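Trainee: Return a 3D structure for these sequence lines:
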Amino acid sequence: MDLTYSPEHQAFRQEVLDFLDAHRDAAPKGRGGAQRPSPEAVAWQKLLIEHGYAARTIPKEYGGFGAAPDILKSRIIGEAFTYAGVPPGLQNQGISMLVPTLLELGTEDQKRQWIGPTIRGEVVWCQGYSEPGSGSDLASLQTRATEDGDDFVINGQKIWTSTAREADMIFCLVRTEPDKAKHDGISYLIFPMSMPGIEVRPLVTMTGRAEFNETFFTDVRVPKTQIVGKRGQGWFVANTTLKHERGMLGDPGQLESRFQALVELMRTETAGGAAIMDNSVLRDRLVRLQAEIAAMKFNGLRVLSASANGGEAGLARLVVKLQACELAHQISALGIDALGELGVLYDGAPHLRDHGAWQQNYMFQLGLIIGGGTAQIQKNIIAERGLGMPREPKLAAEGAR
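Mentor: All right, here's what the predicted structure looks like:
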């Protein structure tokens, strides 16, 4: 892959830099996250879409900028925003996971109804996948959708539902054909979280915050037209979404931003009168992380290149989620160690650095190694699908000899 900038790409890079210089003050603080975006974040997202720096390749008829795919321009945008320390716009479950799923598999009506409001931050989504007994073995889910005239009637429970309290809509896996094998008979529905019969209960994690929720469905009526893809083929649709979820969790731009913050922390914090950066042990850990982030960044370009050429990235895509989530946690772990005794502080402490972001991220990112497919499951997928190794043997049935 030739990454040399042509005169066109050099001019585009200058255009992006000029935009950042002119509009830096309009950018909200921090990155768009899973919660409902602020008015400032929504306004920033609108400005980015207008200039083609967000929703760049989404067709104009669905509310995007409508540019042709160009991996070098995507790389230029990502790098410019990262090194300027400016948020690249909203990144959440609706924008990063549902929208590309609808572009691939949604009906024309679904694309026109939901993509525009979602990419503009006007509609917030949550994901109804995991259940108390169906986490890594997602296909064993038991939430049922039974037919009643023109509707499905949904009963069951989901868990670890990020953004459920703030969400307007949910994309949800339900079992519509319970007599079929577990990977069959699953359907992928989208419907409002305001429907009667939906109850959301917050789940407080070790961070002290309720990032996740339990979601209960009792006789929730959803029109059959709200299905994405075909009935009974929800497992295929679900894996399309998971592909994009793992890409979202593996964004190298986010890692580079956190790494830059770590470098600044180690330059400014001191111990015994010397900068933390002068500590050879911690500096060695920092350099190792820098090398791994660089490797992940260039692996991301392999994935982009395959996508732009209409191919599959294969093994390059499969390693992204595992590598990124573990690296994110290692960055925060080094930040905690660099802070020394200040690293054990938490909410409200007078000497807390960065409003407790290092401590918060350290605990939350540990959960991301589990969420979206555990590290152990990811390694099995990489081995079996990426490297062609034999499938892990199943345990013999209880009582078998």
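
Trainee: Identify each buried residue in whichever helix or strand I76 is part of, please.
Mentor: Using DSSP states H and E, the element containing I76 is helix 71-84. By 16 or more other Cβ atoms under 10 Å, the buried positions in helix 71-84 come out as 71-82, 84. Where you see a C-beta, it was placed from the backbone N, CA and C, and this is true even at glycine.

Trainee: Which SSE is immediately downstream of it?
Mentor: That would be, after helix 71-84 and using DSSP H and E, helix 93.

Trainee: Who are the packing partners of that next one?
Mentor: Judged by 3 or more Cβ pairs under 8 Å, 6 or more residues apart in numbering; DSSP states H and E, the packing partners of helix 93 are strand 125-128.

Trainee: Tell me how far the strand it packs on lies from the chain's centre.
Mentor: 12 Å (Cα atoms, centre = their mean, to the nearest Å).

Trainee: which residues are in contact with that strand?
Mentor: For strand 125-128, contacts defined as Cβ atoms under 8 Å, 6 or more residues apart in numbering pick out 92-94, 97-98, 118, 143, 158, 161-164, 166-173, 193, 215, 241, 245.

Trainee: So which of those belong to helices?
Mentor: Under the assignment DSSP state H, the contacts of strand 125-128 contribute Q93, T118, T241, E245 to helices.

Trainee: Going along the chain, name the helices of the chain.
Mentor: Here the chain has its helices, by DSSP H, at 7-23, 39-51, 71-84, 93, 99-105, 108-119, 234-249, 252-268, 280-308, 315-318, 320-339, 357-368, 375-381.

Trainee: Relative to V200, which of those helices is closest?
Mentor: Between V200 and the helices of the chain, the shortest separation by Cβ to Cβ is 15.2 Å, and it involves helix 93.

Trainee: If you average the pLDDT over the closest one, what comes out?
Mentor: Here helix 93 scores 93 as its mean pLDDT.

Trainee: thinking again about what came up before, I'd like to know which of the ones in helices among the contacts of strand 125-128 are buried.
Mentor: Q93, T118, T241, E245.

Trainee: Now the residues you listed in JSON lines, please, with extra columns for distance to G335.
Mentor: Formatted as JSON lines, these follow (distance: Cβ to Cβ, whole Å):
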{"residue": "Q93", "distance to G335": "26"}
{"residue": "T118", "distance to G335": "33"}
{"residue": "T241", "distance to G335": "31"}
{"residue": "E245", "distance to G335": "25"}
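
Trainee: out of those, who's nearest K29?
Mentor: Distance to K29 across these (Cβ to Cβ) is lowest for Q93, with 21.6 Å.

Trainee: looking at it, that closest one is touching S162, isn't it?
Mentor: Yes: the criterion here is Cβ atoms under 8 Å, and Q93 meets it with S162 at 6.8 Å.

Trainee: just curious, which of the buried residues of helix 71-84 is nearest to A328?
Mentor: T82 (14.6 Å).

Trainee: Can you tell me how far that closest one is from D184?
Mentor: To D184, T82 is 43 Å away according to Cβ to Cβ, to the nearest Å.

Trainee: for W235, same thing?
Mentor: Distance from W235 to D184, by Cβ to Cβ: 7 Å.

Trainee: more crowded one of the two?
Mentor: Taking other Cβ atoms under 10 Å, W235 and D184 do not tie; W235 has more neighbours (20 against 14).

Trainee: neighbours of F212, just the number please.
Mentor: By other Cβ under 10 Å, the residues close to F212 number 20.

Trainee: who touches it in this structure?
Mentor: I159, W160, T161, S162, P202, L203, T205.

Trainee: roughly how far apart are it and K158?
Mentor: Here F212 is placed at a distance of 10 Å from K158 (Cβ to Cβ).

Trainee: Next, give me the two most distant ones among the buried ones among the ones in helices among the contacts of strand 125-128.
Mentor: The largest separation in those, counting by Cβ to Cβ, is between T118 and E245 at 15.0 Å.

Trainee: Roughly how far does the most centrally placed residue in the chain sit from K321?
Mentor: Geometric centre of the chain, nearest residue: M248, 3.4 Å, by Cα atoms, centre = their mean. From M248 across to K321, the span is 9 Å (Cβ to Cβ).

Trainee: what does R175 give?
Mentor: As judged by Cβ to Cβ, R175 and K321 stand 26 Å apart.

Trainee: what's the nearest residue in space to Y346 that is not next to it in sequence in contact with, if anything?
Mentor: Nearest non-adjacent residue to Y346, counting by Cβ to Cβ, 6 or more residues apart in numbering: Q359, 5.5 Å away. Neighbour list for Q359: I336, G343, L345, Y346 [criterion: Cβ under 8 Å, 6+ apart].

Trainee: Among these, which one sits closest to K46?
Mentor: Nearest to K46 out of the contacts of Q359 is Y346 (Cβ to Cβ; 35.7 Å).

Trainee: Using PDB, write down the CA coordinates of stretch 374-382.
Mentor: Provided in PDB are the C-alpha atoms of stretch 374-382 (Å, rounded to 0.1, in the frame of the first residue of the first chain):
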ATOM      1  CA  THR A 374     -14.000 -11.500  26.200                       C
ATOM      2  CA  ALA A 375     -10.200 -11.700  25.600                       C
ATOM      3  CA  GLN A 376     -10.400 -15.500  25.900                       C
ATOM      4  CA  ILE A 377     -13.200 -15.700  23.200                       C
ATOM      5  CA  GLN A 378     -11.300 -13.300  21.000                       C
ATOM      6  CA  LYS A 379      -8.200 -15.500  21.200                       C
ATOM      7  CA  ASN A 380     -10.300 -18.500  20.100                       C
ATOM      8  CA  ILE A 381     -11.700 -16.500  17.200                       C
ATOM      9  CA  ILE A 382      -8.300 -15.400  16.100                       C
END
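
Trainee: average pLDDT for it?
Mentor: Averaging the model's pLDDT scores along stretch 374-382 yields 89.

Trainee: Within the sheet, what are the partner strands of the longest strand along the chain, with directions?
Mentor: The residue-count maximum for a strand in the chain (DSSP state E) belongs to strand 212-223. Paired strands of strand 212-223, with direction, are strand 151-158 (antiparallel), strand 198-203 (antiparallel) (DSSP bridges).
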